[in-house]
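[1] coords please:
(2 chains)
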Amino acid sequence: MGDFIGERSRQILFASWQHFSLVAQCLILATFIAVLIAVLVYRNKALAGIANGVSAVGLTVPSFALIGLLIVPFGFGVTPAVIVVTFFAALPILRNAIVGLNNIEPTIVESARGIGMSRLKTLVSVEIPIAWPVILTGVRISAQMVMGVAAVVSYALGPGLGGFIFSGLSRLGGANALESVVVGVVGVVILALILDLILLGIGRLTTPRGIRV
Amino acid sequence: MSDSKNSASGVSEHTVSGASIMLEEVTKTYPGQKKSAVGGLTLEIPAGSIVMFVGPSGCGKTTTLKMINRLIEPTSGQIVINGEDVTTMNGDELRRRIGYVIQAGGLFPHMTVAANIAMVPKMLGWDKAKIAARVDELLELVSLDPELYRDRFPKELSGGQQQRVGVARALAADPPVLLMDEPFGAVDPITRQRLQDELLNIQSEVQKTIVCVTHDFDEAVKLGDWIAIFNEGAQLEQYDSPERILANPASEFVENFIGSGAGLKQLTLTRVNEVDLVDAITTTPGKRASDVLSQLQGAGRKLAVVLDSRGRPLRRLGRRQLSRMEIIEGTYDPGLPVVGEQATLNDALDTMLVASAEYALVTGRRDVFKGIITVQTVMEAIAAANSASDDHHEAPVGLNSGAINVVDIEVEPAERGGEPA
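    Model (predicted):
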């Protein structure tokens, strides 16, 4: 085990970095997309219901199946990987963003409008900042989930630690096969913990004292 | 505080800086509803006065209020502020010129007190130094120490303090008009009384045009220069001064709304500053107690009032307490019976009863000590009030026009969750 890691330390570190970077970038993209959709739908009960339904059903789609479908139009490589990871990352964030925006007391929005803030200004300066802790909780849930999804996505030759897991599994019983799988799995778990800590830190820094619980 | 952008508003301190408001044939019909929530209402609100809208829940008073700053767009009719028709101007710009206070203040929880107050001046593009100075000035005005409260968040304030910050925020850009929607509905009775007193003190300094919705007739009598009593569909039942509404209710509806005991309500008509106050021996912390005691004995008085450096009462000391002390202590006594000079005799009596005292300390602007009101003073005033009547002024215009269908379809967020008793 030690030999395996020692011989391939550069390779492992590089794959870890790529894995982390894929997840982080997709997460940022997913946050933007999810908040944007939430902003468009949260005032309309029917649309918000549809969005919540999509996010619930979407999570039941097996990531493996989705990547299989995406390989047809996009081929192998980074593009289908990014699409799949972003898709799954956006779902919990969307759900939380809608809940967060809908849970703001109507009187706060009313007083924002009442002192002359435009709809957009109210959204940017009042609603999103107040919903932010809830949105960020969604981002943390997403981060944990898509760490695993990103490993599966490596099947489509996307970057990351998934390669270790799949190559190990495909020749299980052979030399270093188990080591390869273990390195992949443990690596993913460690990355997930690191990302969670980072997000926790971001939460501390971006949540004003007035709305911390 | 002149604002070059709104020279029409003519704002300056200590004179009437309010603007007159005229609602002309204003109607609000919600889509899908045949009957109007507000039907053809014409109402004149004189500059610099406090007009109270009262009426049962769902009568259209809040809808009417929100049409003044066009949070609710009128279906037809005109809103004219200081001669300017604002019915078609940009709603956001209009609202920046009109202060707006709602129940519990409606403060932004993620912003500090200072940031909350600075919101409108920021939108109007004031520079930072001017905003910071204005924030401190307003906190002083609403009796909150800027040093202490500037950087707090709303959740770190009591309900009454939040409400004060809400008022400060509404006054930030010195708007000529202030709209208040059940502003004191969410605080306990004693705090409410203090906030009402403070509002009257503030009003005596700023002289805005204030339109305030309430369901509490006593509050309307206490605060209002004019009271508009609405029935369903914003039907104006009576629009007159508190004195005349109490003396001559225009209809059975008004009579029922005023309730029985209108005679005792005269207590709500007389204010503390209209009766003679008793002077008191005052002192400051750090003085020698024996000097004060001999002063008391010399004047034949029973108690001395300790004031802080700004003349605000801290505590009262009787002869016995003084004789036990060497140096006057400056600790604050939270149980002190204090009323504002604009408080009603009703409030003063209330305060005395709560504190089990036969007197109350009277404070004026910014809580400065003015004198002492005693139970005897209140009793004499009740006797005198029965003969008092003044009818030498004309009431402003207020009427409904056209065939009006009356219906209760108004949606009032503040009242949806059950009205506070």
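
[2] got the residues of the stretch 151-300 of chain B near chain A?
    Residues of the stretch 151-300 of chain B lying close to chain A by Cβ under 8 Å from any Cβ of the partner chain are B:Phe153, B:Pro154, B:Lys155, B:Glu156, B:Gly166, B:Arg169, B:Ala170, B:Leu179. Just so you know, the C-beta spots here come from the backbone N, C-alpha and C atoms, and that holds for glycine as well.

[3] again, 6 Å this time
    B:Phe153, B:Lys155 (Cβ under 6 Å from any Cβ of the partner chain).

[4] Contacts only, for B:Pro183.
    Listed by Cβ atoms under 6 Å, 6 or more residues apart in numbering or on different chains, the contact partners of B:Pro183 are B:Val101.

[5] Next, it: secondary structure please.
    coil (DSSP: H, G, I helix; E, B strand; the rest coil).

[6] likewise the one 3 residues further on?
    Assigned with three-state DSSP, B:Ala186 falls in the coil class.

[7] A:Leu191 belongs to a helix?
    Yes. Checked against three-state DSSP, A:Leu191 lies within a helix.

[8] Please list the residues of chain A that sit near chain B.
    Near chain B, when you scan chain A using Cβ under 6 Å from any Cβ, you find A:106-108, A:111, A:114-116, A:118, A:126, A:129-130, A:208-211.

[9] Now, of these, which are buried?
    Using 16 or more other Cβ atoms under 10 Å in any protein chain shown as the burial test, the residues of chain A next to chain B include A:107-108, A:111, A:114-116, A:118, A:126, A:129-130, A:208, A:210-211 as buried.

[10] Contacts for stretch B:199-211 next, please.
    B:16-19, B:47-48, B:50-51, B:177-179, B:340, B:342, B:365.

[11] what secondary structure does the residue nearest to the spatial centre of chain B sit in?
    Geometric centre of chain B, nearest residue: B:Leu199, 3.5 Å, by Cα atoms, centre = their mean. Under three-state DSSP, B:Leu199 falls in the helix class.

[12] Could I get the pLDDT score of it?
    Note on B:Leu199: pLDDT of 89.

[13] repeat for the one 10 residues further on
    At B:Thr209, the model reports a pLDDT of 93.

[14] and it, how many neighbours?
    28 (other Cβ atoms under 10 Å in any protein chain shown).

[15] how about low-confidence regions in the chain?
    Since no chain was named, I'll use chain A. Regions of chain A meeting the criterion pLDDT under 70 cover residues A:155-158.

[16] meant chain B, my bad for not saying
    Ranges of chain B meeting pLDDT under 70: B:1-16, B:260-266, B:384-394, B:401-421.

[17] how's it carved up into domains?
    B:15-260+B:394-412, B:273-385 (automatic domain parsing).

[18] Could you single out the nearest of the buried ones among the residues of chain A next to chain B to B:Arg192?
    B:Arg192 lies nearest to A:Thr107 out of these, by Cβ to Cβ, at 18.1 Å.

[19] deepest of the domains of chain B, which one?
    domain B:15-260+B:394-412 (a mean of 20; mean count of other Cβ atoms under 10 Å in any protein chain shown).

[20] Show me the strands in the stretch 1-150 of chain B, by range?
    B:21-28, B:38-45, B:50-54, B:76-81, B:84-85, B:98-102 (DSSP state E, counting those that start in this stretch).

[21] where does the residue most central in space within chain A land in three-state SS?
    The centroid of chain A falls nearest to A:Ala89 when counting by Cα atoms, centre = their mean (3.2 Å). At A:Ala89, secondary structure determined by three-state DSSP is helix.

[22] Report the next helix or strand after the helix ranked longest in chain A in sequence order.
    Ordering each helix of chain A by length in residues (DSSP state H) puts helix A:9-41 first. Helices and strands here follow DSSP states H and E; after helix A:9-41, the next one along the chain is helix A:45-58.

[23] Show residues contacting that following helix.
    Taking Cβ under 6 Å, 6+ apart as the rule, helix A:45-58 contacts A:Val41, A:Tyr42, A:Leu91, A:Leu94, A:Arg95, A:Ile98.

[24] And the helices in the stretch 1-150 of chain B, which stretches?
    Under the criterion DSSP state H, counting those that start in this stretch, the stretch 1-150 of chain B contains helices at B:61-68, B:91-96, B:113-123, B:128-141, B:146-149.

[25] among these, which is nearest A:Ser167?
    helix B:113-123 (55.0 Å).

[26] which non-adjacent residue is nearest the residue nearest to the centre of chain A?
    A:Ala30 (3.6 Å; Cβ to Cβ, 6 or more residues apart in numbering or on different chains).

[27] OK, contacts around that neighbour?
    Taking Cβ under 6 Å, 6+ apart as the test, what A:Ala30 contacts is A:Thr86, A:Ala89, A:Ala90, A:Ile93.

[28] shouldn't the last one be in contact with A:Leu36?
    No. A:Ile93 lies out of contact with A:Leu36 (Cβ atoms under 6 Å); the separation is 10.7 Å.

[29] Look at the two and report which has more neighbours.
    A:Ile93 (28 against 13).

[30] before we move on, the earlier item: of the contacts of helix A:45-58, grab the buried ones for ChimeraX.
    Buried members of the contacts of helix A:45-58, identified by 16+ other Cβ under 10 Å, are gathered into one ChimeraX selection as follows:
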select /A:41,42,91,94,95,98
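
[31] nearest to chain B, of the contacts of helix A:45-58?
    Looking at these and their distance to chain B, the nearest is A:Tyr42, at 17.3 Å (Cβ to the nearest Cβ).

[32] Now that closest one, what are its backbone angles?
    With angles defined as degrees, to the nearest 10, A:Tyr42 sits at phi -70, psi -20.

[33] wait, it sits on A:Ala97?
    No. A:Tyr42 is beyond contact range of A:Ala97, at 7.6 Å (criterion: Cβ under 6 Å).

[34] Pretty sure B:Leu317 sits in a strand.
    Yes. Checked against three-state DSSP, B:Leu317 lies within a strand.

[35] ok, the closest residue to it other than its chain neighbours to chain A distance?
    The spatial neighbour of B:Leu317 that comes closest, neighbours along the chain excluded (Cβ to Cβ, 6+ apart), is B:Ala304 at 5.0 Å. Relative to chain A, B:Ala304 is positioned 42 Å away (Cβ to the nearest Cβ, to the nearest Å).
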